[in-house]
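Peer 1: take a look and give me a structure for this.
(one chain, ligands or ions: 1)
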Amino acid sequence: MSCYQRRSAGPGPGPGPGPGGGGGALGLLGAAGGGGVLPKGPGAGAGEAVQVVVRCRPMSGKEASQGHTQIIDMWPQRGEHVARRAAAPAHSIYCIVHITNPRARPGRGGRRQEARMFTFDSVYDWNSKQDDLYENTVRPLVHSVLDGYNGTIFAYGQTGTGKTYTMLGATPAHGQCPGGGRERGIASKCFEDVFRHIAYTSERTCYVVRASYLEIYQEETRDLLSPDLETYRRPLTLGEDAARGVYVKGLRSVVCKNIKAIERVMRVGNTNRATASTNMNEHSSRSHAIFQVTIEMQSRAGAGAGAGRRVGKLNLVDLAGSERQCKTGAMGERLKESGKINLSLSALGNVISALTAADVGSRTRSRAWSRHIPYRDSKLTQLLQDSLGGNSKAIMIANIGPASYNYDESLMTLRCAGLGGKGP
Ligand SMILES: Nc1ncnc2c1ncn2[C@@H]1O[C@H](COP(=O)(O)OP(=O)(O)OP(=O)(O)O)[C@@H](O)[C@H]1O
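Peer 2: As a prediction, the model looks like this:
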């Protein structure tokens, strides 16, 4: 598996956001400057701890009928684009996303302004299946959790781009659990992998799997497994101790013995999840939802001696929509809500950028790079502190839509997630 590395490929320019660049809500490009990698994760190749992949959903029937054009092109096979054009060695080239500005006019800025190219380790186009994403990108992270490390999968992007679809599957309406069938989301596939592994290895190892489901809404933490609305409305506070690190006081945790049990927990949480409508999507999610799976493993051989105990944690994070406030028509309470969403998304971006810079510094042995990681700037980053950096691994799935009316948001998502460059 390859790593989060910002580098130019083929016809693109060198590092930097390029014309009109600059980070959006996540701002992954912002603080760190040129190319870099995050700390090495378990079982990973050199320099990989946060891997950023892009997924573009298909054009919807409504978008097509309204006459919106497709502005995204993708080359999911490494090097395909450049190899076709310049006979470059395919292995040296990263996957490419190409976005065309529907407002560009010939003569104003010329062809170079019309299209921009971004490079990533993996990209998944509208034909991609959940299985492709799971097998090629997610599975190694789940296996590192089963080795006792922490792993986090983020679904990021504008509302309506497929974050919930990617996480939960083809039944994205909130309150529904990932069902069976081929288009189950990656959450369900993770659970399946975990319990399959447990079944294969339970002769040698004892396991306890616990699940919690929490939501961060306007910087307040709520338990999505609360028994009633009143309890759910009561925000929970964060605590910190040496044994647990940062934790949510009073958060429910359910022991799950099989895949049905863990999916039931997710279903309960989904029905409780706060949703609010915006002008862009009736079921717009305005909160960050974190499904936490903690796996305690104890080797049967070492049980008496207290040896051979490991704990791995998997966080599945469905981030709130990253859209611009003016387009959603946010006013009043909704505007305040959007401000807090942007705050936590930019805090997440700053943490990732700082980790990137710190890692670059440690590789170059420059003392100036031993820097502060701003985990405490938001509840989201505080809570995920033990799963970002160090030996942990993370995957950021940046979701975009293909239609012309979403150009600004898609461009922002791509800029936040990778290296911007001019079109060839
Ligand atoms: N890869 C895909 N293939 C087919 N349909 C998709 C895909 N991704 C998303 N969709 C469809 O696009 C629509 C929007 O997806 P979804 O609800 O997952 O967006 P979202 O980003 O989670 O939005 P919100 O932030 O409002 O929750 C849904 O109808 C979903 O079924």
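
Peer 1: from here on, just use CA atoms for contacts and neighbour counts.
Peer 2: Noted.

Peer 1: report pLDDT for the closest residue in space to residue 104 that isn't next to it in sequence.
Peer 2: Using Cα to Cα, 6 or more residues apart in numbering and skipping the chain neighbours, the partner closest in space to residue 104 is residue 114 (5.5 Å). You'll see residue 114 listed with a pLDDT of 80.

Peer 1: would you mind confirming that residue 114 makes contact with residue 71?
Peer 2: No - Residue 114 lies out of contact with residue 71 (Cα atoms under 8 Å); the separation is 10.5 Å.

Peer 1: and the stretch 301-424 of the chain, which of its residues are near the ligand?
Peer 2: Selection of the stretch 301-424 of the chain residues close to the ligand by Cα under 6 Å from any ligand atom yields 320, 321.

Peer 1: low pLDDT regions in the stretch 301-424 of the chain?
Peer 2: 302-306, 323-341, 356, 358-371, 418-424 (pLDDT under 70).

Peer 1: joint contacts of residue 114 and residue 71?
Peer 2: 100, 101, 102 (Cα atoms under 8 Å, 6 or more residues apart in numbering).

Peer 1: can I see the domain layout of this protein?
Peer 2: The record's domain split for the chain, according to automatic domain parsing, is 11-126, 134-401.

Peer 1: and the ones you listed, which one is worst for confidence?
Peer 2: domain 11-126 (a mean of 62).

Peer 1: tell me what residue 72 is bridged to.
Peer 2: For residue 72, the beta-bridge partners are residue 99 (DSSP bridges).

Peer 1: so who does it touch?
Peer 2: 97, 98, 99, 100, 402, 403.

Peer 1: related to what we said a few turns ago, measure the residue nearest to residue 104 to the ligand for me?
Peer 2: Residue 114 sits 26 Å away from the ligand, going by Cα to the nearest ligand atom, to the nearest Å.

Peer 1: against residue 415, how distant is that residue?
Peer 2: 16 Å (Cα to Cα, to the nearest Å).

Peer 1: okay, those two: which has more neighbours?
Peer 2: Taking neighbours as other Cα atoms under 10 Å, residue 114 and residue 415 compare with residue 415 leading, 28 against 18.

Peer 1: assign the more buried one to helix, strand or coil.
Peer 2: Counting by DSSP: H, G, I helix; E, B strand; the rest coil, the backbone at residue 415 sits in helix.

Peer 1: following the host helix or strand of residue 140, which helix or strand comes up?
Peer 2: Element membership for residue 140, per DSSP states H and E: helix 139-146. Next helix or strand after helix 139-146 toward the C-terminus (DSSP H and E): strand 150-157.

Peer 1: is the ligand contacted by whichever helix or strand comes after that following strand?
Peer 2: With elements assigned by DSSP H and E, the helix or strand that comes after strand 150-157 is helix 163-168. Yes - judged by Cα under 6 Å from any ligand atom, helix 163-168 comes into contact with the ligand at 163, 164, 165.

Peer 1: how about stretch 69-77?
Peer 2: No - Stretch 69-77 stays clear of the ligand (Cα under 6 Å from any ligand atom), getting no nearer than 13.8 Å.

Peer 1: in that stretch, what's buried?
Peer 2: Across stretch 69-77, burial judged by 16 or more other Cα atoms under 10 Å covers 70, 71, 72, 74, 75, 76, 77.

Peer 1: for the stretch 301-424 of the chain, which segments count as strands?
Peer 2: For the stretch 301-424 of the chain, strands defined by DSSP state E, counting those that start in this stretch occupy the ranges 309-318, 393-400, 419-422.

Peer 1: same check on the stretch 151-300 of the chain?
Peer 2: 205-217, 220-223, 238-241, 245-248, 254-255, 288-299.

Peer 1: run the angle between the last one and helix 139-146 for me.
Peer 2: This means strand 288-299. 60 degrees (axes from the mean of the first three to the mean of the last three Cα atoms, to 10 degrees).

Peer 1: give me the residues contacting strand 288-299.
Peer 2: 145-146, 148, 204-217, 266, 273, 307-320.

Peer 1: show the buried residues in those.
Peer 2: Neighbour-count burial (16+ other Cα under 10 Å) applied to the contacts of strand 288-299 gives 145-146, 148, 205, 207, 209-217, 266, 273, 309-320.

Peer 1: and of the shared contacts of residue 114 and residue 71, the nearest to the ligand?
Peer 2: Proximity of the shared contacts of residue 114 and residue 71 to the ligand (Cα to the nearest ligand atom) peaks at residue 100, which lies at 20.4 Å.

Peer 1: count the residues that sit near residue 203.
Peer 2: 10.

Peer 1: how about the residue of the stretch 1-150 of the chain found nearest the ligand, nearest residue that isn't a chain neighbour?
Peer 2: Closest contact between the stretch 1-150 of the chain and the ligand, by Cα to the nearest ligand atom, is at residue 57 (4.2 Å). Leaving aside its sequence neighbours, residue 57 sits nearest to residue 126 (Cα to Cα, 6+ apart; 4.8 Å).

Peer 1: in terms of helices and strands, where is the one you found?
Peer 2: Applying DSSP H and E, one finds residue 126 in no helix or strand.

Peer 1: which residues does it contact?
Peer 2: 55, 56, 57, 58, 59.

Peer 1: among those, which are located in strands?
Peer 2: Among those, DSSP state E puts 55, 56 in strands.
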